[in-house]
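>>> sharing a model that was predicted from the sequence below.
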Amino acid sequence: MFSRQHRKAKILFGLADVILTTLAFEAAYLTRLSFNLSHNFFYEVPFKALVLGFCVFTWVLVGAWLGVYGRLGIGEPRVIIRDSFRQAAYGAACLVILEFVLRLDLSRFFLLLFAVYSWIFLLVFRLLARRLVGIVRREFGALRYVMVVGTGARARKLAEALERSADQGVRLRGFLTPAGEGGPEEISLSAAPYPVYEAARLPELLREHVIDEILFAVESEKLASLEDVFLLCDEEGVRTRVAVDFFPHVNSDIYLEKLGPTPLLTFSAAPDDEIKLLAKRLIDILLASVALLAALPFMLFIALLIRFTSPGPIIFRQERCGLNGRRFRFYKFRSMCFDAEARKAEVMHLSHRSTATKIANDPRLTPVGRFLRKFSIDEWPQFFNVVKGDMSLVGPRPAIPSEVEQYQRWQRRRLRMRPGLTCLWALNGRDAVDFETWMKMDMQYIDNWSLGLDWKILIRTIPQVLIGKGAN
């Protein structure tokens, strides 16, 4: 499916969850009302609306967090069953937490009914979703007929992808060959053979057949010779798309922007959705500010503890590399002796990493510092870095400039994301992770970044920190 249609489908499935959650809530409410139990059950309209609004918001948020909407319509039944159960279970857990915090006195039987009804409604709808999508397209004529310009390996690969999108309403009409370029009369793919026409016949084809889109899958040097085809499609209002896989090993997201009247084909190898990144920044400011306020009394105590147990400054400051290599001042509670940097050469042979120094049972650690390191308490001052904008709550760890100079070329891409307090490596052993794996995990995070992934990492980092797992 084309990415825009995929986004529309995700929005539609989210809206469907709003309706299904509302229906499940009302069904559970009416079912509980019909039982004549000892405990009186009735909610005033404002209270009921408040709880329902929370449930709808939570169920959709949990669905987005679990990545459910990206798999609907194409998922296997067992995946749909699992996702629907997890969404209903996590949503119900959030509702129980809300009741505990606000002491809402919700009926336990109602909560159980709501969770069960929600799971059943979501499950049934999603199992039928694929068939329903097909029915809607068939009844409302949403089929889209597409032709591919080109007959080479790239064009065939694109045509095979179109064939696989048949259940999404895409139909391949055939192929067009550029003027003066010979080719077969037809091309056989897995589903059927498709005719091959000369590009000069396009006006005739547009008159005789329904053609909604034309996809160009030719070498870049041939695009200029196809200007007449572009102009014809432009005049007739036929949508055109160009496969820009000229650089097959480039994994960047590709999109078109304009600088004044000039169109620019943009390749982005890191997240650059300004709206989502703005939301990430707002979440960083909010959560970091709350964390600072909550931790302030403890931070004052830790500062006094460091002051009276070892000579040297309370806060350790160091230059680190931030977003796109920008330098910034990095803060930590000092966990080592005051001359630790001067003694670094003495202990380098103990490091189990060749690039980023990491020493188990570092002899430079103070007794208090060893405890601070184990539970990552020494990192708390970095909430100031987050509020300032130097760092994020989630992202690749900020590197020392001397380490960055040793990076291989592919490792430098981790600088294209704002550095963070935690990331995927924190869920897989923290300091025990070797350097190569650490770098690959950062690339995995950048390539798969979403707000939902950030929340998953944050939530799963908390127990890792509380038990001090994997920290040196």
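That came through, no problem.
>>> strands of the stretch 151-300 of the chain, start to end?
In the stretch 151-300 of the chain, the segments counted as strands under DSSP state E, counting those that start in this stretch are 170-177, 186-188, 193-198, 213-216, 239-242, 253-259, 262-268.
>>> rank those strands by pLDDT, which is bottom?
The minimum mean pLDDT among the strands of the stretch 151-300 of the chain belongs to strand 253-259 (a mean of 74).
>>> all strands of the stretch 1-150 of the chain, in order?
For the stretch 1-150 of the chain, the strands defined by DSSP E, counting those that start in this stretch cover 144-149.
>>> just for it, where's the confidence low?
1-9, 37-41, 71-75, 130-142 (pLDDT under 70).
>>> switch to 50 and redo it
Scanning the stretch 1-150 of the chain for pLDDT under 50 picks out the ranges 1, 138-141.
>>> and the longest helix seen in the chain, how far out from the chain's middle?
Secondary structure of the chain read by DSSP state H shows that its longest helix is helix 274-309. How far helix 274-309 lies from its chain's middle: 24 Å, per Cα atoms, centre = their mean, to the nearest Å.
>>> after it comes which helix or strand?
Next in sequence after helix 274-309, counting helices and strands by DSSP states H and E, comes strand 315-321.
>>> mind listing what's buried along that following strand?
Phe316, Arg320, Cys321 (16 or more other Cβ atoms under 10 Å). Just so you know, the C-beta spots here come from the backbone N, C-alpha and C atoms, and that holds for glycine as well.
>>> how about stretch 383-394?
By 16+ other Cβ under 10 Å, the buried positions in stretch 383-394 come out as Phe383, Asn385, Val386, Val387, Asp390, Met391, Ser392, Leu393, Val394.
>>> now, among those, which is nearest to Ile80?
Nearest to Ile80 out of the buried residues of stretch 383-394 is Val394 (Cβ to Cβ; 28.8 Å).
>>> I'd guessed the closest one sits against Lys456; true?
No - contact criterion Cβ atoms under 8 Å: Val394 and Lys456 do not qualify, at 9.3 Å.
>>> could you export the buried residues of stretch 383-394 as CSV, including distance to Leu162?
What follows is the buried residues of stretch 383-394, written out as CSV (distance: Cβ to Cβ, whole Å):
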residue, distance to Leu162
Phe383, 50
Asn385, 48
Val386, 45
Val387, 49
Asp390, 46
Met391, 44
Ser392, 39
Leu393, 41
Val394, 37
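>>> keep only those of the residues you listed that are in strands.
Those of these mapping onto strands are Ser392, Leu393, Val394, per DSSP state E.
>>> nearest to Ser376 among the residues you listed?
Nearest member of these to Ser376, counting by Cβ to Cβ, is Leu393, at 12.9 Å.
>>> I'd assumed Ile283 was in contact with that closest one.
Yes - Leu393 lies in contact with Ile283 (Cβ under 8 Å); the separation is 7.4 Å.
>>> common neighbours of those two, please.
Shared contacts of Leu393 and Ile283, defined by Cβ atoms under 8 Å, 6 or more residues apart in numbering, comprise Asp454.
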